[in-house]
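*Asks:* sequence below, structure please.
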Amino acid sequence: MNVDTLVRDPHAPADEARFAHNEQPPAEQAPTRTCEHCGASLAPGQDWCLECGTAAPGRLGRRPGMRTAATVAGLTLALVAGAVTAGYAAISGDAGRETAKPPAASGAPIAQAPPSTPVAPPPTTAAPATPATPLPTVKPPKTATPAPPVSHPSTPAPTTSTPAPATSTPTTSTPAHTTPSTPAAPSIEPVDLGADAASLYDPYTRSTANSDPADAYDGDTTTAWKVTTVGDGQAMQVGLVVDLGKKRSIKQLNLRTGTPGFRIETYAADTAQVPPDILDTRWAHLHNKSAVAKSDTVALASDSHKYRYVLLWFTAPPKKGPTVKINELTILG
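*Replies:* Below is the predicted model:
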């Protein structure tokens with residue numbers, strides 16, 4: 001019995017009957033493909049268009065556009081920049097490590113400076129305290145010479161050379177003695193007195209006799225002005241007033257007398273007229289002088305104030321009696 005007949009579907013079409021007898025069905029013709037971009041025909045199994053390069057339908061890749069090209073270019077630039085940065089960092093790190101390396105030690109020993117021998121300072125000699133005394137000559141200290149070694153017959157004497165110690169004479173300097181300069185005293189000159197410059201000053205009428213007052217400053221020591229007061233044991237209370245003609249500076253009074261030992265008071269006034277009384281406040285009290293010598297100096301005004309009148313006021317008389325003689329007087333200003 002035929003097997004083919006048994007297994008065949010009685011309702012199978014005629015073509016299936018042909019297959020049953022091992023006949024191959026005709027191959028299906030593949031559809032013709034074209035490029036979606038340019039329309040060129042694609043062969044079976046062709047994945048890319050040979051005309052424009054567009055991928056065939058069904059492929060993952062397509063023709064790269066501008067956005068894709070820009071993305072690829074950006075990634076490429078980023079990779080290049082990263083590579084450059086990494087290379088620069090590696091070069092810098094190697095240079096820093098080379099710089100930080102300590103210098104290679106050589107095998108030669110390091111030369112050391114020989115120890116310095118301290119030099120003793122030269123002896124100092126204090127200068128004498130009194131500058132006026134000449135300085136003594138400073139002699140250098142004597143240096144003891146070491147005794148030569150004693151040689152014995154059995155033991156040879158070692159040969160030693162002792163260097164002579166260097167001795168230096170210390171130099172002593174004494175500061176120059178400077179005497180402070182004393183300011184020169186202002187020069188004073190005698191005041192030129194007129195013919196009637198001096199007169200008797202007797203506000204209490206104590207005088208009993210007096211001579212010409214011009215004899216007190218005529219330049220002749222053999223002549224003298226003389227005044228005598230009441231001998232009642234009281235103060236003389238009389239004087240000699242000198243008119244300088246104008247206000248002047250008065251510093252000193254020099255006088256010579258034949259009756260030493262009296263007491264004198266000096267006054268001055270800068271008024272136009274002589275004050276009438278010794279108690280008048282216009283008199284400026286200058287100085288007092290007790291026990292006037294035969295040749296004496298009396299101080300007057302110590303300031304620069306100028307006066308016109310100078311008064312020699314006699315108070316205590318000499319021991320010989322109430323008489324005073326003025327042989328010569330000079331006012332300096």
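*Asks:* shaky segments in the stretch 101-250 of the chain?
*Replies:* 101-186 (pLDDT under 70).
*Asks:* name every strand pairing with the longest strand along the chain and say which way it goes.
*Replies:* Ranked by residue count, the top strand of the chain under DSSP state E comes out as strand 238-249. Note on strand 238-249: by DSSP bridges, its sheet partners are strand 198-201 (antiparallel), strand 306-314 (antiparallel).
*Asks:* just the helices in the stretch 201-333 of the chain please.
*Replies:* Assigned by DSSP state H, counting those that start in this stretch, the stretch 201-333 of the chain shows no helices.
*Asks:* mind listing the strands for it?
*Replies:* With strands called from DSSP state E, counting those that start in this stretch, the stretch 201-333 of the chain shows them at 207-210, 225-229, 238-249, 252-256, 264-269, 284-289, 295-299, 306-314, 323-326, 328-332.
*Asks:* in a markdown table: those, plus distance to residue 219 and mean neighbour count.
*Replies:* Just so you know, the C-beta spots here come from the backbone N, C-alpha and C atoms, and that holds for glycine as well. Formatted as a markdown table, these follow (distance: least, CB to CB, whole Å; neighbours: other CB atoms under 10 Å):
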| stretch | distance to residue 219 | mean neighbour count |
| --- | --- | --- |
| strand 207-210 | 20 | 14 |
| strand 225-229 | 13 | 21 |
| strand 238-249 | 15 | 19 |
| strand 252-256 | 11 | 18 |
| strand 264-269 | 21 | 21 |
| strand 284-289 | 23 | 15 |
| strand 295-299 | 15 | 15 |
| strand 306-314 | 18 | 22 |
| strand 323-326 | 13 | 23 |
| strand 328-332 | 7 | 19 |
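*Asks:* from residue 327, how far off is the nearest residue to residue 297 once chain neighbours are set aside?
*Replies:* Take residue 297 and drop its neighbours on the chain: the residue closest to it by CB to CB, 6 or more residues apart in numbering is residue 254, 5.5 Å away. Applying CB to CB, to the nearest Å, the value for residue 254 to residue 327 is 11 Å.
*Asks:* what's the answer for residue 303, then?
*Replies:* According to CB to CB, residue 303 stands 30 Å off from residue 327.
*Asks:* so the two - more neighbours on which side?
*Replies:* Legend: neighbour count by other CB atoms under 10 Å for residue 303 and residue 327, higher for residue 327 (22 against 7).
*Asks:* who's in contact with the more buried one?
*Replies:* Residue 327 sits next to 216, 221, 222, 223, 224, 255, 256, 257, 258 when contact means CB atoms under 8 Å, 6 or more residues apart in numbering.
*Asks:* find the residue closest to the first one in space, skipping its chain neighbours.
*Replies:* Translated: residue 216. Spatial nearest neighbour of residue 216, excluding adjacent residues (CB to CB, 6+ apart): residue 225 at 3.8 Å.
*Asks:* so that neighbour touches residue 240, yeah?
*Replies:* Yes. Using CB atoms under 8 Å, residue 225 is in contact with residue 240, at 6.9 Å.
*Asks:* identify the contacts common to those two.
*Replies:* Shared contacts of residue 225 and residue 240 (CB under 8 Å, 6+ apart): 198, 213, 216, 326.
*Asks:* identify the residues contacting the residue nearest to the last one when sequence neighbours are not counted.
*Replies:* Read it as residue 326. Distances taken as CB to CB, 6+ apart put residue 216 closest to residue 326, at 4.3 Å, once the chain neighbours are dropped. Residue 216 makes contacts with 198, 224, 225, 240, 326, 327, 328, 329, as judged by CB under 8 Å, 6+ apart.
*Asks:* how much space between the nearest residue to the fourth one once chain neighbours are set aside and residue 302?
*Replies:* With CB to CB, 6+ apart as the measure, residue 312 is the residue that lies nearest to residue 240, at 4.7 Å, once sequence neighbours are left out. As for residue 312, its distance to residue 302 is 18 Å (criterion: CB to CB).
*Asks:* ok, back up a step: redo the contacts of residue 216 as CSV? Include distance to residue 208.
*Replies:* Output for the contacts of residue 216, formatted as CSV (distance: CB to CB, whole Å):
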residue, distance to residue 208
198, 19
224, 17
225, 15
240, 16
326, 17
327, 21
328, 24
329, 22
